[in-house]
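*Asks:* fold the following, please.
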Amino acid sequence: MISNPNMDIDNLELETRNLKPPTARLARVDARGLDYRELNRRVDELLASGAGEIEIRGVHGQRYIASRVRRPVSFRIHGTPGNDLAAFSDGVRLEVFGDAQDGVGNTMNSGEIIIHGRAGDIVGMGMRGGRIFIRDEVGYRTAIHMKEYGEQRPVIVIGVMGQDFLGEYMAGGVVVILNLPPRNPKSFSRPPAFIGTGIHGGKIFFRGKLEPYQTGKEVGFDRPDEKEMEFLSGIIRDYSNYFGLNLAQVVPDDFIKLYPKHLRPYGRLYAY
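*Replies:* Sure, this is the predicted structure:
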């Protein structure tokens, strides 16, 4: 069975939702010298006391920050948070002023994550809703097993490029790769390969050209339709606003659409 490459995207979030409570109480934490357990214990105490906005400075690899938080809370993180940032979160709005390690937004249900730098591997693994904006590059297997749940369609926006196996086994949602010039020209030694391997749902919008060897055999190619052009215009605008960049040279016409050719690419391996 061939999947529809022009799946309706009207329900995708085109604008940032206001996730911060109207009378949010600001709390600050200095993470320098704190073990990840102690840091997260302090954050939990602040959340229990009613804090609606938390600023954390001096972050240096502490894991699980904002994980399991399931209500509208805003985080501002200065430094480099460790693995599983905002994992299993629901409704969090989180901004990182620096890089992030692996597993950003793991199984995230809703909310928004903005990273003013690059991120590591498996960004958005199993993500079911919300949006992640990454200014620079991402590592391997971004959006692996990303899926849709009900009316929720997750979105990951990558400013520069991803590594191999981007969109591996995607079952839903949208990935947008702006393919901007890297701040560090040595960020990538070669173009990524195996994009969309095993994909059976969702879409990937890629700015520029891809060679056939760079994608999985399950991937089809098309041009964005009119509704998708509108969606991409909104993504470009939001990315520009979040990171203070002028992207006048980036237009929706520059994108190609990658979509799954089959709903069950490996069905013959498991059905007789």
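
*Asks:* gap between the longest strand seen in the chain and the chain center?
*Replies:* Longest strand in the chain, counting residues (DSSP state E): strand 51-60. Chain-centre distance of strand 51-60: 21 Å, with Cα atoms, centre = their mean, to the nearest Å.

*Asks:* CA atoms of that strand as CSV?
*Replies:* The C-alpha trace of strand 51-60 is given here as CSV (Å, rounded to 0.1, in the frame of the first residue of the first chain):
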residue,chain,number,x,y,z
ALA,A,51,7.1,27.8,40.6
GLY,A,52,6.0,28.3,37.1
GLU,A,53,9.3,29.5,35.7
ILE,A,54,12.7,28.1,36.6
GLU,A,55,16.1,29.4,35.5
ILE,A,56,19.1,27.0,36.0
ARG,A,57,22.7,28.3,35.6
GLY,A,58,25.9,26.5,35.6
VAL,A,59,24.6,23.3,34.0
HIS,A,60,27.4,20.9,33.1
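
*Asks:* which parts of it count as buried, going by neighbours?
*Replies:* 51-56, 59 (16 or more other Cβ atoms under 10 Å). Placement of C-beta: from N, CA and C, glycine included.

*Asks:* against which helices or strands is it packed?
*Replies:* strand 25-30, helix 36-48, strand 74-80 (3 or more Cβ pairs under 8 Å, 6 or more residues apart in numbering; DSSP states H and E).

*Asks:* what angle sits between it and helix 36-48?
*Replies:* Angle of strand 51-60 versus helix 36-48, following axes from the mean of the first three to the mean of the last three Cα atoms, to 10 degrees, is 160 degrees.

*Asks:* partners of strand 51-60 in the sheet?
*Replies:* Next to strand 51-60 in the sheet, as set by DSSP bridges, lie strand 25-30 (parallel), strand 74-80 (parallel).

*Asks:* what's it in contact with?
*Replies:* 20-21, 23-32, 39, 43, 46-47, 65, 72-81, 98 (Cβ atoms under 8 Å, 6 or more residues apart in numbering).

*Asks:* now list the buried members of those.
*Replies:* With burial judged by 16+ other Cβ under 10 Å, the buried subset of the contacts of strand 51-60 is 24, 27, 29, 31, 39, 43, 46-47, 65, 72-81.

*Asks:* strands along the stretch 101-250 of the chain, start to end?
*Replies:* Using DSSP state E, counting those that start in this stretch, the strands of the stretch 101-250 of the chain run over residues 110-115, 131-134, 155-158, 171-177, 201-207, 219-222.

*Asks:* okay, now the unreliable bits of the stretch 151-272 of the chain?
*Replies:* Under the criterion pLDDT under 70, the flagged ranges of the stretch 151-272 of the chain are 188-189, 265-272.

*Asks:* where do the helices sit along it?
*Replies:* Ranges of helices in the stretch 151-272 of the chain, per DSSP state H, counting those that start in this stretch, are 226-243, 267-270.

*Asks:* what's the end-to-end length of stretch 154-161?
*Replies:* 19 Å (Cα to Cα, to the nearest Å).

*Asks:* what's the answer for stretch 243-258, then?
*Replies:* Span of stretch 243-258 from end to end, Cα to Cα: 26 Å.

*Asks:* mind listing what's buried along that stretch?
*Replies:* Buried residues in stretch 243-258, counted by 16+ other Cβ under 10 Å: 243, 250, 252, 254-255, 257-258.

*Asks:* I figured residue 159 hits residue 238, correct?
*Replies:* No. At 11.7 Å, residue 159 does not count as touching residue 238 under the criterion of Cβ atoms under 8 Å.

*Asks:* between the two, what contacts are shared?
*Replies:* Common neighbours of residue 159 and residue 238 (Cβ under 8 Å, 6+ apart) are residue 133.

*Asks:* looking at those two, which is more packed in?
*Replies:* Taking other Cβ atoms under 10 Å, residue 159 and residue 238 do not tie; residue 159 has more neighbours (26 against 20).

*Asks:* next up, the contacts around that one.
*Replies:* Counted by Cβ under 8 Å, 6+ apart, residue 159 has contacts 133-137, 178, 180, 239, 243.

*Asks:* at 7 Å what do you get?
*Replies:* 134-136, 178, 180, 239 (Cβ atoms under 7 Å, 6 or more residues apart in numbering).

*Asks:* residue 130 now?
*Replies:* In this structure, residue 130 makes contact with 108-112, 154, judged by Cβ under 7 Å, 6+ apart.

*Asks:* nice, that's everything, thank you.
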